[in-house]
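Q: Build me a model from this:
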Amino acid sequence: MIAPVVAYLTGRGERLEYWLSFVGLLVAAFVALELIRNELFADAMDWLTLAVWSAFAARRLRDAGLPFWLAPFPAPIILLTIALNKAFAVDPGRLNIEGSSTEFSTSLFNLGAALLMVGLIVVLGCLPSRKPKAAPGETAEVFG
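A: Numbers count the residues shown, from 1 in each chain. Now for the predicted structure:
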């Protein structure tokens, strides 16, 4: 049972598979969050969704010829946004934008992070696939 799972996770995922899994995962997450309205569950669901999405992203990255370890790229963006929101919510005086409030600045951090993640997700879904390597039996014989 483990071998097929490992084979799937180490394989390549085409654009259609990536987009279908992304939409399916998004719908499943929203439905689960609507059925169970709990803040702790919502936080856990966010990270679980990221983990599952990373598996599909790793397959898509392999298909595009990029390193699979780039798959969890939203995690550092999320963590940085949380840190910035905490830092500026504690002491709004540290923010040197005239006329801004803490709520405004933290919403800008969230908006910027969301736009960056959506942009990276779309770019990943639009990358062209690399050509598959030829099987050993399909290569031309040069010396014989």
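Q: those helices in the protein, which residues are they?
A: Counting by DSSP state H, the chain has helices at residues 2-9, 15-35, 39-64, 74-90, 102-126.
Q: winner for burial among the ones you listed?
A: Of all the helices of the chain, helix 39-64 carries the top mean neighbour count, a mean of 17, counting by mean count of other Cβ atoms under 10 Å. Every residue, glycine included, has its C-beta placed from N, CA and C.
Q: Tell me the gap between that one and the middle of its chain.
A: Remark: helix 39-64 is offset 6 Å from the chain centroid, using Cα atoms, centre = their mean, to the nearest Å.
Q: which other helices and strands contact it?
A: Counting contacts by 3 or more Cβ pairs under 8 Å, 6 or more residues apart in numbering; DSSP states H and E, helix 39-64 packs against helix 2-9, helix 15-35, helix 74-90, helix 102-126.
Q: what mean pLDDT would you report for the third one?
A: On average, the pLDDT along helix 74-90 is 81.
Q: Quick one: closest of the helices and strands packed on helix 39-64 to A64.
A: helix 102-126 (7.5 Å; Cβ to Cβ).
Q: And for the closest one, what's in contact with it?
A: Helix 102-126 has contacts (Cβ atoms under 8 Å, 6 or more residues apart in numbering) with 15, 18-19, 22, 57, 60-61, 64, 73-74, 77-78, 80-81, 84-85, 88-89, 92, 95, 97.
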